[in-house]
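Asks: sequence plus the predicted model coming up.
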Amino acid sequence: MKRKWTYSLVTIFLFSVFGFYFLITKKGNNQFFKCNAEIHFEISKNKSLIEANTSLLLASNKVAILDVKGIITKQGMDFNVERKVYFNYSRESEGGYYYFEILKEEDYALENSASDELFNEVMFGNKKSFYMSITPVGSGGFELSEMLFPVAICYTTRT
């Protein structure tokens, strides 16, 4: 009789552990990272400037979205920018970097006057892929390095 109770308790314990593991794994798959930044970036070689509010979202399905709303100025002319850029991303095993590859861009503003070429030149230096590190700096802030600009600080309300 004692053996039946012991086997029953061990079985219940194992099912509880597996259930707990499943819930943690399932919850972890629904997590995401979203970080917001105001950017001001100048490119002296082609006399371009971008001032924009940006939002970077890394979803658990290995798709990232960069939302950009602002103004690009080139040679004294202003161009409205409201775009979403979609990426595939993966975490590199060494160095804490992420690898981003552009999938597509979505021009969602009625009055978006920046051409695709100008946007890609100013935002990405005409690159289709790049590496970026995301380093916490405290109080919901993160440093983004080697992405759109040498270093940017973004903030998030969810850490």
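Replies: The structure has been received and is ready for your questions. All of these numbers come straight from a predicted model, not from anything done at the bench.
Asks: would you tell me which strand is longest in this protein?
Replies: What stands out as the longest strand in the chain, according to DSSP state E, is strand 77-91.
Asks: now the element after that strand, going C-ward?
Replies: Remark: after strand 77-91, the chain's next helix or strand is strand 97-107, criterion DSSP states H and E.
Asks: ok, and what's touching the helix or strand following that following strand?
Replies: Heading C-terminal from strand 97-107, the first helix or strand you meet, by DSSP H and E, is helix 116-124. Residues outside helix 116-124 that contact it (CB atoms under 8 Å, 6 or more residues apart in numbering): 41, 43, 46, 48, 50, 68, 72, 74, 79, 81, 83, 85, 102, 105, 107, 126, 130, 148. C-beta: built from backbone N, CA, C; applies to glycine.
Asks: how about the contacts made by the closest residue in space to residue 33 that isn't next to it in sequence?
Replies: Spatially, and ignoring its direct neighbours in sequence, residue 33 is nearest to residue 58 (4.3 Å; CB to CB, 6 or more residues apart in numbering). The contact partners of residue 58, taken as CB under 8 Å, 6+ apart, are 32, 33, 34, 64, 89, 98.
Asks: now with 7 Å?
Replies: 32, 33, 64, 89 (CB atoms under 7 Å, 6 or more residues apart in numbering).
Asks: so what pLDDT did the last one get?
Replies: What that stands for is residue 89. Here, the pLDDT recorded for residue 89 equals 92.
Asks: what bridges to it?
Replies: Going by DSSP bridges, residue 89 is paired in beta bridges with residue 100.
Asks: picking that back up, beta partners of the residue nearest to residue 33?
Replies: Beta-bridge partners recorded for residue 58 (DSSP bridges): residue 33, residue 64.
Asks: kindly report the same for residue 77.
Replies: residue 74.
Asks: one more: residue 70?
Replies: What pairs with residue 70, by the bridge criterion (DSSP bridges), is residue 52, residue 81.
Asks: what's the neighbour count on it?
Replies: 18 (other CB atoms under 10 Å).
Asks: rewinding a little: ok, and what's touching the longest strand of the chain?
Replies: Residues from elsewhere that reach strand 77-91 (CB under 7 Å, 6+ apart): 52, 58, 62-72, 98-109, 111-114, 118-119.
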